[in-house]
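Colleague: Build me a model from this:
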Amino acid sequence: MSFNSLRAGANRVLQNRVGGGKRGGGGSWLRWSPPQMPPNGQKVAEPVLYLPGNYVDEYDDTHPTNPFRRFRKHNFRKGDSKKDFRSIICSAGTNPHAPQPCVGCHEVDHGAKKAEPKDTVAFNIIHLVNYHHVPYIKDGQVQYKKDKPGEPVMIFEPCERTPVSYNCKWCGAEQQRPGSAPLVFGRQRIHEMGLGHLGNILSVERQLGNVCANCGTGIMRKYECQQCQTPLLDLGQLNIPEDKQEEFIQKFLSEQQQCPNPACRFVGLPQIFEDCGYVGWQKVPGRGCPENVETKPMSLFDTVVYLQREGEAAQSKIVCTDMQPLSLFRPLDGRSMPEVLKEVAEKLVDLVAAYQPDSLDVQAKILGVQNPWANAPQQQYGGPPPQQQAPYYGPPPQQAPYYGPPPQQQPAAPQQGYPQPQYQQPQQPPYQQYPQQPVTPYPQPQQGQPPVTYPNVPASTRPPYGGNSR
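Modeller: Residues are numbered from 1 along each chain as shown. A predicted model of the protein is given here:
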């Protein structure tokens, strides 16, 4: 999966948003979010490696594939809280003209505020920190396996030793009882984000694309004529915002360009020449890859990035504080990255299954409301209105004539308090059966005789066989 597919997919989603479950892809402990930078500005960024996927975008009419999973999500605030939400995956489907039942959409249509379904995406990632392998505790109680009573459900919890805090309850438990909370390095997680943070990740990808993965120096790209290598585009003189440069360059590369060199004047697609060893716009002597090594731009899927979140609520953004090529990253447990990836990323979380909408009953239970379709399973919420017969403005329809026997008159209903009158059915005279008249067939030609003709009708006006003489 190349960085171009990430940029193309992210740009499609950002430009064609449809916004305004299951609570986190197979379990809330699978989700990861960049740590929030404290008010003192201390760096708390954590290293992660993004893993490419291949997911069909069901909300795009062309159904392209993206390296992330796209879905829509309702977030309902818990009371007046600005941080605690009840979330469900929208089950209305992808067809806006025939939406399917969704408890979240029903609540929005009946007055719920700021809970419209929002476009959301999810990446598979490797969280490159220490984890403790510990029992799953819920409501202060250790949870045990249903099929194996007495055996606790084991999960991985991140070690709480951070640059901000050195206190970790699991490290304390491990010191008191060795083996109760063993340390392991790196776990697979899901990074779920809205479109604002997806734009931040796309900016990180552009930033990575300007650094060589082999030598770590800056990359200068030149767009040249295929024949004489005359520059066709000077990026330093482009007066275009950064978020629009990618679109402009892709359009420039897809169109025929004429060489400005009077001795060449070649017309064709530009070629890209990438050279590393730059600091800013200046080439530094002795830096960069050797001549026999090709420049290789970094991408989000082969670079360890250190991310943290800055700002509050809707104004927050994801910031990359550092980056390191995957080949140079050293795990904390002393193993090599190929060994870590073989263990942790051998089987990725299926994001399609993880973000399937819950049933209507489960949606209602999460939101704490009644299921509107509990007693009407056949009703479709938000579907097309029932078809009504269009009014008819033409002439009144003509009643077909009736040739049968005259209808018999029904006696009127007797009024209360009066004797019911007796009616006598008049006798009808029997119908007379007329004798059936013999039908004279047309004369047929005899064998050896001339065919029958119509002597009194000219041949030019004679009707064809089976035709109408009128």
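
Colleague: Spell out the residue ranges of the helices in this protein.
Modeller: In the chain, the helices defined using DSSP state H lie at 3-15, 103-109, 169-176, 195-208, 242-253, 337-344, 351-354, 360-367.

Colleague: what packs against the fifth one?
Modeller: So that's helix 242-253. Judged by 3 or more CB pairs under 8 Å, 6 or more residues apart in numbering; DSSP states H and E, the packing partners of helix 242-253 are helix 3-15, helix 195-208, strand 218-224. The C-beta positions use only the backbone N, C-alpha and C, and glycine is treated the same way.

Colleague: mind listing what's buried in the second one?
Modeller: Burial within helix 195-208, assessed by neighbour count using 16 or more other CB atoms under 10 Å, is assigned to 195, 197, 198, 199, 200, 201, 202, 203, 204, 205, 208.

Colleague: for the record, mean pLDDT for that helix?
Modeller: Averaged across helix 195-208, the pLDDT comes to 92.

Colleague: before we move on, back to that, now the buried residues of helix 195-208 as a markdown table including distance to residue 249?
Modeller: Compiled in a markdown table, the buried residues of helix 195-208 are given as follows (distance: CB to CB, whole Å):
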| residue | distance to residue 249 |
| --- | --- |
| 195 | 22 |
| 197 | 24 |
| 198 | 20 |
| 199 | 18 |
| 200 | 21 |
| 201 | 19 |
| 202 | 15 |
| 203 | 16 |
| 204 | 18 |
| 205 | 14 |
| 208 | 16 |
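
Colleague: Contacts for stretch 259-271, please.
Modeller: Contacts with stretch 259-271, where a contact means CB atoms under 8 Å, 6 or more residues apart in numbering, come from 223-228, 230, 232-233, 252-258.

Colleague: gap between the two ends of that stretch?
Modeller: The first and final residues of stretch 259-271 sit 12 Å from each other (CA to CA, to the nearest Å).

Colleague: So which bits of it are buried?
Modeller: Residues 259, 270 are the ones in stretch 259-271 that count as buried (16+ other CB under 10 Å).

Colleague: in the chain, which residue is closest to the centre?
Modeller: The central residue of the chain, meaning the one whose C-alpha is nearest the mean C-alpha position (CA atoms, centre = their mean), is residue 70 at 3.6 Å.

Colleague: Next up, the contacts around it.
Modeller: In this structure, residue 70 makes contact with 13, 55, 57, 58, 59, 119, 120, 121, judged by CB under 8 Å, 6+ apart.

Colleague: which of those residues has the weakest pLDDT?
Modeller: The weakest per-residue confidence within these falls on residue 13 (65).

Colleague: Endpoints of stretch 262-281, how far apart?
Modeller: Between the start and the finish of stretch 262-281 there is a gap of 27 Å, counting by CA to CA.

Colleague: Tell me the predicted confidence for the residue lying closest to residue 245 once chain neighbours are set aside.
Modeller: With sequence-adjacent residues excluded and distances taken as CB to CB, 6 or more residues apart in numbering, residue 245 is closest to residue 238, at 6.5 Å. What the model reports as pLDDT for residue 238 is 74.

Colleague: From residue 252, how far out is residue 238?
Modeller: 10 Å (CB to CB, to the nearest Å).

Colleague: just to revisit the earlier point, any idea which of the helices of the chain is most buried?
Modeller: Neighbour counts (mean count of other CB atoms under 10 Å) averaged over each of the helices of the chain peak at helix 103-109, with a mean of 22.

Colleague: what packs against that helix?
Modeller: Helix 103-109 packs on strand 69-77, helix 360-367, going by 3+ CB pairs under 8 Å, 6+ apart.

Colleague: Partner strands of the first one, with direction?
Modeller: Pairing partners of strand 69-77, with direction, according to DSSP bridges: strand 85-89 (antiparallel), strand 118-135 (antiparallel).

Colleague: which residues are in contact with the shortest one?
Modeller: Read that as strand 85-89. Contact partners of strand 85-89, identified using CB under 8 Å, 6+ apart, comprise 21-24, 71-78, 103-104, 355-358, 363, 366-368.
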